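Undergrad: I need the structure of the sequence given here:
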Amino acid sequence: MASKSPLEVHPVGEKRLLSSGVFNTSTFEQLLNELSFGHEVRGDNLPAKSAPRYLEPVAKTNLSLTSGTGGLTQAMVGLSVGIGDLPLEDYLDWKTLSRSYADAYRLSFARAMVDVLGTGFQSSQNTTGERRVTTEAVVLEPVFVYIVEGFLGVISVATLALLYLTCTRIRKLGTDPNTIASIMAIVSDSQQLLSEFSELDCCTVDDVQNAVGQKRYKLIRDGASNR
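TA: Numbers count the residues shown, from 1 in each chain. Reported below is the predicted structural model:
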C-alpha cells in the first residue's frame, strides 16, 4: 500500500494479447464512462453494475465535485488524482495528466480481469437465455362497462333515428316565413286576406291592433294558393 507496487509477481509465460472473446471491452468502457448500466446485467467488468465515484480524492483538492452540466464529476477524475498523488499543479502538464489517466484505466482493467482470469474454467457451453416481457392493462368493472355500452347504444340509435326523420319528413313550407317580406310573398295571391288589410294601410298602430289583434290566421297550402 505504501509503495503502490505488487508484492510478488510470478510470470507463467511470455506476455501475449488477450483474446477478443474473453473480455467485453465495450461494456467495460460504458461502465467507466457512464458509471452505471441502465439495466441489470452480468458481464466481464467490475464486480458490480455501477463504478465507484472516488469523490474523496477530489474533495481533498480544489477541484469541483460537480461537472459543468450540474452532475457529479467523472469517476476517472477522482481515481486518476488518487493514483498519481501529485500536487494539483502538476496535472496542468498534459503528459502527467495522460499518464495518470492511463494508470487509472490499467488499475480498473486489472481489477476486472481478476474475475475473468480467476474463474478457472476450461471450457464453455452455449445456453439458452430467457427473456421476460411484462404487459400492463387497465381492468374495468364489468357492470360499469355494460352500463356505458348500453348508454352508447341508446345514443347511437337515437342519433340514427333523428337523422332518418330529418331526411324523410315532408316540409310544408317552401321558404322560412321569419320576416314580414317572406310572409307577404307567400300570401300575395290570397284575395280574401288582402281585402281584410286593404283599409289598414293608413291606420295607426293602435287602429291596426284593434282591427286584427283578436284575429288568428293559419298558413296552409291547398295546392292552388297559400292562405
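Undergrad: Longest helix of the protein, counting residues only.
TA: In the chain, assigned by DSSP state H, the helix with the most residues is helix 142-168.
Undergrad: And the average pLDDT for that one is what?
TA: For helix 142-168, the mean per-residue pLDDT is 92.
Undergrad: Residue numbering should commence at 433 henceforth.
TA: That works, and once the first residue is 433, the last one we named lands at helix 574-600.
Undergrad: List the buried residues of it.
TA: By neighbour count on 16 or more other CB atoms under 10 Å, the buried set for helix 574-600 is empty. For every residue, glycine as well, the C-beta is placed using N, CA and C.
Undergrad: who does whatever helix or strand comes next after that helix touch, helix- and strand-wise?
TA: Toward the C-terminus, helix 574-600 is succeeded by helix 612-618 as the next helix or strand (DSSP states H and E). If contacts are counted by 3 or more CB pairs under 8 Å, 6 or more residues apart in numbering; DSSP states H and E, helix 612-618 sits against no helix or strand.
Undergrad: How many residues are close by Val513?
TA: Val513 is flanked by 22 other residues according to other CB atoms under 10 Å.
Undergrad: Number of residues surrounding the nearest residue to it once chain neighbours are set aside?
TA: Leaving aside its sequence neighbours, Val513 sits nearest to Pro489 (CB to CB, 6 or more residues apart in numbering; 4.7 Å). Per other CB under 10 Å, the neighbour tally for Pro489 reads 17.
Undergrad: What strand or helix carries Pro489?
TA: helix 487-491.
Undergrad: can you pull the alpha-carbon coordinates of the following helix or strand past that helix into CSV?
TA: Next in sequence after helix 487-491, counting helices and strands by DSSP H and E, comes helix 507-516. Provided in CSV are the C-alpha atoms of helix 507-516 (Å, rounded to 0.1, in the frame of the first residue of the first chain):
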residue,chain,number,x,y,z
ALA,A,507,-15.2,8.8,-11.7
MET,A,508,-12.0,8.6,-13.6
VAL,A,509,-11.0,12.1,-12.4
GLY,A,510,-11.0,11.1,-8.8
LEU,A,511,-9.2,7.8,-9.5
SER,A,512,-6.6,9.5,-11.6
VAL,A,513,-5.9,12.1,-8.9
GLY,A,514,-5.8,9.5,-6.2
ILE,A,515,-3.4,7.2,-8.0
GLY,A,516,-1.0,10.0,-9.0
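Undergrad: who does helix 507-516 touch, helix- and strand-wise?
TA: Checking 3+ CB pairs under 8 Å, 6+ apart, helix 507-516 ends up next to helix 487-491, helix 526-549.
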